[in-house]
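Visitor: sharing a model prediction with you, sequence too.
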Amino acid sequence: MPRTWPVLTLLFVAVTGRAGENEWRNATNDPGAARVWLHPGVPIETVLESLNSKGFRISYRPEHLTPSMTLLERPKARRIDSLLREILTPYHLHADHTLYGEWKVKPIRKKRPKATLTAENTLISRAPKQ
């Protein structure tokens, strides 16, 4: 019996920590959580920095963002996931939500055309004909 108490205590701590993490994650993705005043012409890097100052953890590489990347129009979204999708998609970027509650901005990778084998066992690419 004395060996079960440490196991039960450890199990209780693990379950409690997991519940708190889910509650925090839901609160940061809550509608209206991303209340930042945005207008057309603001650089995307400035938008991401202002979201970071509001408590959202958004990481990105500076080489992915150029000074010419600006907001094209005032975003309509209020949820952080929708807001990031709305402002990053025109520049072929997207944000992934990590297990640690952080958003990572990455370029959208284009799919390569699939290659197939012909009857002569040679590879032919299925690239669109021009």
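Guide: Sure thing, it's come through. Just so it is clear, the model here is predicted, and its values are computed rather than measured.
Visitor: list the contacts for the residue nearest to His94 when sequence neighbours are not counted?
Guide: Nearest non-adjacent residue to His94, counting by CB to CB, 6 or more residues apart in numbering: Ile108, 5.4 Å away. (C-beta placed from N, C-alpha, C; glycine too.) Listed by CB atoms under 8 Å, 6 or more residues apart in numbering, the contact partners of Ile108 are 92-94.
Visitor: recalculate using a threshold of 10 Å.
Guide: Neighbouring residues of Ile108 by CB atoms under 10 Å, 6 or more residues apart in numbering: 88-89, 91-94.
Visitor: check Trp37 too.
Guide: 50, 74.
Visitor: now it: how far from Ser59?
Guide: 23 Å (CB to CB, to the nearest Å).
Visitor: what does Arg3 give?
Guide: 43 Å.
Visitor: if you count surrounding residues, which of these two has more?
Guide: Ser59 (13 against 6; other CB atoms under 10 Å).
Visitor: now Tyr60: phi and psi?
Guide: Backbone torsions of Tyr60, given as degrees, to the nearest 10, read phi -160, psi 160.
Visitor: how about the closest residue to it other than its chain neighbours, phi and psi?
Guide: Leaving aside its chain neighbours, Tyr60 sits nearest to Val105 (3.7 Å; criterion: CB to CB, 6+ apart). As for Val105, its main-chain torsions (degrees, to the nearest 10) stand at phi -90, psi 130.
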